[in-house]
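>>> structure, please.
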Amino acid sequence: MARILSAQFGISVAHVCGVQAMDDATRQQNLSCFRSESVRVLVATSSLEEGLDVPSCRYVIRYDWFASAKSHVQGAGRARHPLAEVYYS
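Got it, this is the predicted structure:
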């Protein structure tokens, strides 16, 4: 998905996935780029439903339905900006 978005829109996109699919150094580097806004789009698996706090994050787009109400709240909570929006596909 990150490659498709980057190619289609000509923007910098990073991706993050679970511990077993991506080494920690790469994951931390990609998160750092997103936090510093050098990368404007971060594609992530549900592994980031908890623990990611980026105050400038304005949008969360969920491609899969959440497994529980807790999962929904945690996933939607990643959009921290006061004008944040959450979208579902």
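>>> going forward, measure contacts and count neighbours with C-alpha atoms only.
OK.
>>> I'd say Val16 and Met22 touch.
Yes: judged on C-alpha atoms under 8 Å, Val16 makes contact with Met22 at a distance of 7.4 Å.
>>> those two: who's more crowded?
In terms of neighbours (other C-alpha atoms under 10 Å), Val16 is the more surrounded of Val16 and Met22; the figures are 23 against 12.
>>> give me the nearest residue to the more buried one, chain neighbours excluded.
The spatial neighbour of Val16 that comes closest, neighbours along the chain excluded (C-alpha to C-alpha, 6 or more residues apart in numbering), is Ala44 at 4.8 Å.
>>> what count of nearby residues applies to the one you found?
Taking other C-alpha under 10 Å as the neighbour definition, Ala44 ends up with a count of 16.
>>> so what's the backbone phi/psi at it?
phi -140, psi 150 (degrees, to the nearest 10).
>>> does it touch Cys17 like I think?
Yes: with contact defined as C-alpha under 8 Å, Ala44 and Cys17 form a contacting pair (5.7 Å).
>>> Val43 pairs with what?
Each beta-bridge partner of Val43 is listed here, defined by DSSP bridges: His15.
>>> in the helix or strand harbouring Asn30, what's buried?
Asn30 belongs to helix 24-35 when elements are defined using DSSP states H and E. By neighbour count with 16 or more other C-alpha atoms under 10 Å, helix 24-35 contains the buried residues 27, 30-31, 33-35.
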